[in-house]
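Visitor: Any chance you could fold what I've pasted below:
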Amino acid sequence: MGIKNSRDFDLLTLGQLLLRLSPPDNERLSRGDTFVKQVGGAELNVAVGAALLGLHTGVISKLPAHDIGSFMKGKIRSFGVSDDFFMYDQSSSARVGIYYYENGAYPRKPKVIYDRNNSSFFSLNIDEIPEEVYTASKCFHTTGITLALNEKIRETTIEMIKRFKAAGTLVSFDVNFRGNLWTGDEARECILRILPYVDIFFCSEDTARLTFLKTGTAKEMMKSFSQEFPISIVASTQRIVHSPKRHTFGSVIYDAARDEYYEEEPYRDIEVVDRIGSGDAYISGALYGLLSSGGDCSKAIAYGNATAAVKNTIPGDLPSSNLEEIETIIKAHNQTGPQSEMAR
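Guide: Numbers count the residues shown, from 1 in each chain. Predicted coordinates for the structure are as follows:
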């Protein structure tokens, strides 16, 4: 199948694929004897969520050419996500990035320990990436996590963003700030370099204040990004953490062309099973809403909020909700009056 210049993909993402190791249930990293093996990574989570909703998605990444790499590839393909743009590390030192995750229960917070340095993804070179990738998709998405990994990956990612933009591809970017990967000053300096190329920008209210040193209301801060840069859409999630097991989740989207804000009643008192990946699930739903409707922000907010809310109730990084389930949840969210307590 020829990919070149055909925009066969709706969405391509770039990021490091991670092996997630978690003690079962609420066991502790320092005490338990068993790990559950799963696959994750912010950009992969977005590609999987959007694929489940019906978009044709793929991931650009680099994996070890050994059994753990094969496990990850098989898991990713099982969700309908393409591996057309996977590159493989054949070296004897090839390794996969790992992170360890411990569930929280109030007052104990969830905990993450990264072991991702010097994995195969860190050797990704711009020259390895096939030229046709830049015209293969309607939209390209990556995050601040990828930019934060190291200087080499940072420069490769920035150059890829420029090439996608030059090829007429929509560029989507999630700040996804991680204080254990880089400082706020480093993040701000780097991300300001790419914002001239970004069309769809995901940035939480806290990140706008703390990382970008914005002031004013959430809506004023969102609008200021589109005034300073040619950004078309700014989305900001709003999560209230009542406890590790109980959250409220909503969002606001600003459409610069219409100078309009979109929001809806948040999902309240979500019963949280695993919050990891719920922000990525939001992006997958929002991008599905935008790409499937020609840019309708009301669709983006409905699908984004619902997909994120449901992901909080699912263990592991990856979402698992198809379009039918999400549309049922959106319908129930907008209903008043009595509802059935079981889907049957």
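Visitor: Now do the same contact list for the closest residue in space to residue 113 that isn't next to it in sequence.
Guide: Nearest-residue entry for residue 113: residue 100, 4.4 Å, with adjacent residues in sequence omitted and distances by CB to CB, 6 or more residues apart in numbering. For glycine as for every other residue, the C-beta is placed from the backbone atoms N, C-alpha and C. Contacts for residue 100 (CB atoms under 8 Å, 6 or more residues apart in numbering) come out as 20-22, 29, 35, 112-113, 115.
Visitor: One more pass at 6 Å, please.
Guide: By CB atoms under 6 Å, 6 or more residues apart in numbering, the contact list for residue 100 reads 21, 29, 113.
Visitor: Let me have those in TSV, adding pLDDT as columns.
Guide: Shown next, in TSV, are the contacts of residue 100 (pLDDT from 0 to 100):
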residue	pLDDT
21	95
29	94
113	92
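Visitor: If you rank those by neighbours, which is first?
Guide: Among the contacts of residue 100, the one with the most neighbours (other CB atoms under 10 Å) is residue 21, at 17 neighbours.
Visitor: Tell me if I am right that that residue is in a strand.
Guide: Yes - counting by DSSP: H, G, I helix; E, B strand; the rest coil, residue 21 is found in a strand.
Visitor: Disregarding flanking residues, what is the spatial nearest neighbour of it?
Guide: Nearest non-adjacent residue to residue 21, counting by CB to CB, 6+ apart: residue 35, 4.0 Å away.
Visitor: now the helices for the stretch 51-200 of the chain?
Guide: 67-77, 144-148, 151-166, 184-194 (DSSP state H, counting those that start in this stretch).
Visitor: Please identify which of those helices is closest to residue 264.
Guide: Among these, helix 144-148 comes nearest to residue 264, with 26.3 Å by CB to CB.
Visitor: got a list of contacts for the closest one?
Guide: Residues outside helix 144-148 that contact it (CB under 6 Å, 6+ apart) are 15, 42, 154, 157, 175-178, 181-182, 187, 190.
Visitor: go on, stretch 282-290?
Guide: 46, 49-50, 53, 55, 174, 202, 235, 237, 299-300, 303-304, 307-308.
Visitor: CA atoms only for it - export them in PDB, please.
Guide: What follows is stretch 282-290, C-alpha atoms only, in PDB (Å, rounded to 0.1, in the frame of the first residue of the first chain):
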ATOM      1  CA  TYR A 282      -8.900  13.300  26.700                       C
ATOM      2  CA  ILE A 283      -6.600  14.300  23.800                       C
ATOM      3  CA  SER A 284      -7.600  11.200  21.800                       C
ATOM      4  CA  GLY A 285     -11.300  12.100  22.200                       C
ATOM      5  CA  ALA A 286     -10.800  15.800  21.500                       C
ATOM      6  CA  LEU A 287      -8.700  15.000  18.300                       C
ATOM      7  CA  TYR A 288     -11.300  12.500  17.300                       C
ATOM      8  CA  GLY A 289     -14.000  15.100  17.700                       C
ATOM      9  CA  LEU A 290     -12.100  17.700  15.700                       C
END
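Visitor: in that stretch, what's buried?
Guide: Within stretch 282-290, the residues that count as buried by 16 or more other CB atoms under 10 Å are 282-290.
Visitor: Out of the residues you listed, which sit inside helices?
Guide: 282-290 (DSSP state H).
Visitor: sorry, back to before: the residue nearest to residue 21 and residue 41, how far apart?
Guide: Separation of residue 35 from residue 41 (CB to CB, to the nearest Å): 17 Å.
Visitor: Stretch 147-166: how far from the chain's middle?
Guide: The chain centroid and the centroid of stretch 147-166 are separated by 17 Å under CA atoms, centre = their mean, to the nearest Å.
Visitor: Within the helices and strands, which one has the residue most central in space within the chain?
Guide: For the chain, the residue nearest the mean C-alpha position is residue 280 (3.1 Å; CA atoms, centre = their mean). Using DSSP states H and E, residue 280 sits within helix 278-293.
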